[in-house]
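Chemist: Everything below, folded, please.
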Amino acid sequence: MYVFVLDKNKQLLDPCHPARARELLKQGRAAVYKRYPFTILIKNRELENSVTHPHRVKIDPGSRTTGMTILQENTARCVFACEITHRGFQIREALLSRRQLRGSRRSRKTRYRKARFLNRTRPNGWLPPSLQSRIDNILTWAWRLRRICPITTISQELVKFDLQKLDQPEIQGVDYQRGELFGFEVKQYLLVKWQHQCVYCGVKDVPLQIEHIVAKSCGGTNRVSNLTLACPKCNQAKGNQPIAKFLSKKPDLLNHILAQAKKPLVDATAVNATRWELYRRLQQTNLPVEVGSGGRTKWNRVNRGIDKSHWADSLCVGASTPEKLIIKNIRPLLINAKGHGTRQRCRPDKFGFPKAHAHRAKSFQGFTGTVAALKKTLIASVGCVVILHPKLTALRTTRSLAILLQNLANCS
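Modeler: Next comes the predicted model:
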């Protein structure tokens, strides 16, 4: 992983090798500007006396994890990679729990109140919070990377899953169903759904075949809920046997396969619902945005001999991908979305009854209140702690603290 570099005026320079960054820090010519992603500031360098090259940020959006990389276009070198784990499903579960608790409370407290519905207006382009959080996470990191790297272009994978075709291939047109696009889409979806491994023996990194849970000779269909993946050995061993008979000695595996097969298409739906909104939001950055299909991404990755991963997929997005990529010693930065706290004051237990009440003021590592710029020692005030440092600026103040700071300023 390369180190991002800024000049003494905080202007963007090309990333440098970690060894070069250590040398600059050891000599005192640079200082640490940011830890994640690691960025240094060179004290005696200006942008006018430096040479910079264009960089491209490449994004592979996903419903659970999004891969993001930065490619130096003149050398085809990957200088940064990260994988962002979203919390969309966690948000959905929290909203569902809140709705159930509120419905229960209304039925207990206001049972005679007339029912209300459709009493809210939504702006154009509104998305559910679980989907909006995915877009916000990607845009947040795209904005952060633009502040520390000279990015000139964006590449996004604009993939689409045909849900109707995935769920019911026999709906119309035999030629349409048996085209290359249909087979590729179903195979790609099954690879994601079954974690790129054989469902019977768990082997990975081998050619996998589409397997019918209920064989077509026994009345099975091509619905995606009846399809799974198996290695050639397991596929031949199962044949047209009922899966209950084939896995009679592995009841846990049988229950897992049957439950996973009936899983709804939530991941594909999340990607379809957010892809165009993410594209529109990326266009608002005033940078050229290149789009590429999922088939192009896989073709680029397979032809270049790169192992499957989220960040590797993002590196191969679009037709602009160079023939040879330099990805030596790249370890992706793993990012987990944590949200921005909660506004919920009353914390219920699992039955919906209140068990605790949160404080009005949020705290971080034991500190609450204000960070102020003073040249004094640490001061304790009512309800807040002030951290004093000559280079810090005031972030949030209260009336009582403002009066205290004014008195201190007058005394000094």
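
Chemist: Provide a list of residues in contact with Pro242.
Modeler: Val214, Cys218 (C-beta atoms under 8 Å, 6 or more residues apart in numbering). No exception for glycine: its C-beta is placed from N, CA and C like everyone else's.

Chemist: And it, its phi and psi?
Modeler: The phi/psi pair for Pro242 (degrees, to the nearest 10) reads phi -60, psi 140.

Chemist: Check the spacing between the closest residue in space to Asn329 that isn't next to it in sequence and Cys78 real quick.
Modeler: The shortest distance from Asn329 to any non-neighbouring residue, by C-beta to C-beta, 6 or more residues apart in numbering, is to Met1 (7.5 Å). Distance from Met1 to Cys78, counting by C-beta to C-beta, to the nearest Å: 9 Å.

Chemist: likewise Ala142?
Modeler: Separation of Ala142 from Cys78 (C-beta to C-beta): 16 Å.

Chemist: Among the two, which residue is more densely surrounded?
Modeler: Neighbours around Ala142 and Cys78, counted as other C-beta atoms under 10 Å, are more numerous at Cys78. The numbers are 24 against 20.

Chemist: so the more buried one sits in a strand?
Modeler: Yes: using DSSP: H, G, I helix; E, B strand; the rest coil, the assignment for Cys78 is a strand.

Chemist: what sits against it?
Modeler: With C-beta under 8 Å, 6+ apart, Cys78 has these contacts: Thr69, Ile70, Leu71, Gln72, Leu315, Leu325, Ile326, Ile327, Ile330.

Chemist: make it 10 Å
Modeler: 1-2, 58, 69-72, 311-312, 314-315, 325-330, 332 (C-beta atoms under 10 Å, 6 or more residues apart in numbering).

Chemist: Buried among those residues? Need that as a selection in ChimeraX.
Modeler: The buried subset of the contacts of Cys78, as determined by 16 or more other C-beta atoms under 10 Å, is captured in ChimeraX by this line:
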select :1,2,58,69,70,71,72,311,312,314,315,325,327,330,332
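
Chemist: Out of the contacts of Cys78, name the ones that lie in strands.
Modeler: Lys58, Thr69, Ile70, Leu71, Gln72 (DSSP state E).

Chemist: mind putting the residues you listed in JSON lines, distance to Ser248 and pLDDT included?
Modeler: Shown next, in JSON lines, are the ones in strands among the contacts of Cys78 (distance: C-beta to C-beta, whole Å; pLDDT from 0 to 100):
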{"residue": "Lys58", "distance to Ser248": "47", "pLDDT": "95"}
{"residue": "Thr69", "distance to Ser248": "46", "pLDDT": "95"}
{"residue": "Ile70", "distance to Ser248": "51", "pLDDT": "95"}
{"residue": "Leu71", "distance to Ser248": "51", "pLDDT": "94"}
{"residue": "Gln72", "distance to Ser248": "56", "pLDDT": "93"}
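
Chemist: now the longest helix anywhere in the chain, how far from the chain's geometric center?
Modeler: In the chain, taking DSSP state H as the definition, the longest helix is helix 88-109. How far helix 88-109 lies from its chain's middle: 25 Å, per C-alpha atoms, centre = their mean, to the nearest Å.

Chemist: Sort out which residues of that helix are buried, please.
Modeler: Gly88, Ile91, Arg92, Ala94.

Chemist: Backbone dihedrals for Ala237, both of them.
Modeler: Dihedral angles for Ala237 - degrees, to the nearest 10 - are phi -70, psi -40.

Chemist: Neighbours of it, how many?
Modeler: 13.

Chemist: Asn137 too?
Modeler: Asn137, neighbours per other C-beta under 10 Å, totals 21.

Chemist: quick one: contacts for it?
Modeler: So, once contact is read as C-beta under 10 Å, 6+ apart, Asn137 ends up touching Pro61, Thr66, Met68, Ile84, Thr85, His86, Arg87, Gly88, Ile335, Asn336, Ala337.

Chemist: Can you tell me which of these are buried?
Modeler: Buried among the contacts of Asn137 (16+ other C-beta under 10 Å): Pro61, Thr66, Met68, Ile84, His86, Arg87, Gly88, Ile335, Ala337.

Chemist: Am I right that the last one is in contact with Ser130?
Modeler: No: under the contact definition of C-beta atoms under 10 Å, Ala337 does not touch Ser130, with a separation of 11.4 Å.

Chemist: what touches both of the two?
Modeler: By C-beta under 10 Å, 6+ apart, the residues touching both Ala337 and Ser130 are His86, Arg87, Gly88, Gln90, Ile91.

Chemist: Pull up the gap between the second one and Leu96, please.
Modeler: Just to be clear, that refers to Arg87. In terms of C-beta to C-beta, Arg87 sits 14 Å off from Leu96.

Chemist: related to what we said a few turns ago, now, the contacts of Cys78 that are in helices?
Modeler: Checked against DSSP H, the contacts of Cys78 include these in helices: Trp311, Ala312, Ser314, Leu315.
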